[in-house]
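Chemist: Starting from these lines, generate the structure:
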Amino acid sequence: MRAHRAHICILVLLPTLLLAACSPAAGSRPTAVISYSTRNPLLTTATPMPTFTPTPAPLGSSENPLVMGLIDANPLQVQLDALEELTAQLSTFLQMSVTGKFFLDYLNLEAALQKQQVHLAWLGPVEYLLASEKGLLSSQLVSNHLGVTAYGIQYVAHKDSTLISYYDVGSGKATADAAIALAQFSGMRPCLTQAKSLAGYWIPLAYLAQNNIPTQAPVLTYTYSAAMRAVYIKGICDFTATYAIASDPRTSSEVIGDLPDALDRLPIIWISPAVIPNLAFSVSPQLPLPLTVQISDYLLQLGRSDSGRSLLSELNQYEIAGLEAMPDDAYSDLRELLAVTDVRLIDLLP
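Modeler: The predicted structure follows:
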């Protein structure tokens, strides 16, 4: 009986042993082993493809022209024609592509300058100071307007006041320093035009501040003629200040028509040097110096002919009797004066 059971067990186990013998050994099975000492090429990041950077077209080419900028929200047709004519002349002279554009305001022009989309510009003193302090433009030429390239201011008071005049009518110059002449205004009240005016507001206050002369808050009259009438009738303010050197507003038709004796009744107490440059032509400092010289020389020659002066005057709607070389340091006195005030140049923009 026991032998019979043993025989049965052998028969049951035999197939199992045969199947195990035919199966591959566990140790021979292939396994995926990741080696951390050898870099797997399949896991390596691909080398980035180089990005394409287009080469800018040469400055002065048709794809990248020199651009002359001016500020005028609504330029007249005569201005547009003058700009087209001037840029065409420059294109022929330089053998380069030159175009022009009128900008709505200074801020739009400044944005174009910062992007190097404008290379040449005609600007007034406030706009130039803003552009130059950011290194966007460098002065090259200044316009001769009414016989001068810059103007100043004059302080005017009533003849019946006790103020002493430090002004020589013959030479048109002051006979004393500002510190001496203006000390008489201490504690007095001026009539000034309005807070966006250089000659009618900020420069008069600057000379007083520069010489530590306190005055009362100004009465704003908004025009030079109204300021002089206020001084003439007395009781409103003690003195006023107007632009000077280029012309004398005391002789304007608005004043002489109402106050025929204005020159006698409203004497000049003191007159400043010419510290405010006229309309100027400036270039981007990014331009090569030889190119800057070429452009400036051409415009200087243009301003020496009747047709050239007419073209420049029509372009700017400003009487230009010629152009003269003017470096950036011609603005030094103006910068020093404004530095003693709390003016923000951006607030003086139209």
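Chemist: Tell me how many other residues surround the closest residue to Q317 other than its chain neighbours.
Modeler: Spatial nearest neighbour of Q317, chain neighbours left out: Q79 (6.3 Å); criterion: CB to CB, 6 or more residues apart in numbering. For glycine as for every other residue, the C-beta is placed from the backbone atoms N, C-alpha and C. The local packing of Q79 (other CB atoms under 10 Å) involves 18 other residues.
Chemist: give me the element Q79 is part of.
Modeler: In this assignment (DSSP states H and E), Q79 forms part of helix 77-94.
Chemist: name the helices or strands packed onto that helix?
Modeler: strand 66-71, strand 98-103, helix 289-302, helix 306-316 (3 or more CB pairs under 8 Å, 6 or more residues apart in numbering; DSSP states H and E).
Chemist: Can you say which of the ones you listed is packed in most?
Modeler: Among those, strand 66-71 has the highest mean neighbour count (mean count of other CB atoms under 10 Å), at a mean of 22.
Chemist: Let me know the angle separating that one from helix 306-316.
Modeler: On the basis of axes from the mean of the first three to the mean of the last three CA atoms, to 10 degrees, strand 66-71 is oriented at 60 degrees to helix 306-316.
Chemist: which strands and helices sit next to strand 66-71?
Modeler: With contacts taken as 3+ CB pairs under 8 Å, 6+ apart, strand 66-71 sits against helix 77-94, strand 98-103, helix 106-114, strand 120-123.
Chemist: neighbouring contacts of the longest one?
Modeler: Applying CB atoms under 8 Å, 6 or more residues apart in numbering, the contact partners of helix 77-94 are 60, 66, 68, 70, 72, 75, 96-100, 102, 291, 294-295, 298, 302, 311-312, 314-317.
Chemist: Deepest in the core, which of the helices and strands packed on strand 66-71 is it.
Modeler: strand 120-123 (a mean of 24).
Chemist: what residue ranges in the protein score low on pLDDT?
Modeler: 1-53 (pLDDT under 70).
Chemist: all helices for it, in order.
Modeler: Using DSSP state H, the helices found in the chain span residues 2-22, 77-94, 106-114, 125-133, 178-182, 203-210, 224-233, 253-258, 262-265, 289-302, 306-316, 332-339.
Chemist: Please save the CA atoms from the shortest one in PDB.
Modeler: What follows is helix 262-265, C-alpha atoms only, in PDB (Å, rounded to 0.1, in the frame of the first residue of the first chain):
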ATOM      1  CA  ALA A 262       5.400 153.100 -22.800                       C
ATOM      2  CA  LEU A 263       9.200 153.500 -23.600                       C
ATOM      3  CA  ASP A 264       9.300 156.500 -21.300                       C
ATOM      4  CA  ARG A 265       7.000 155.200 -18.600                       C
END
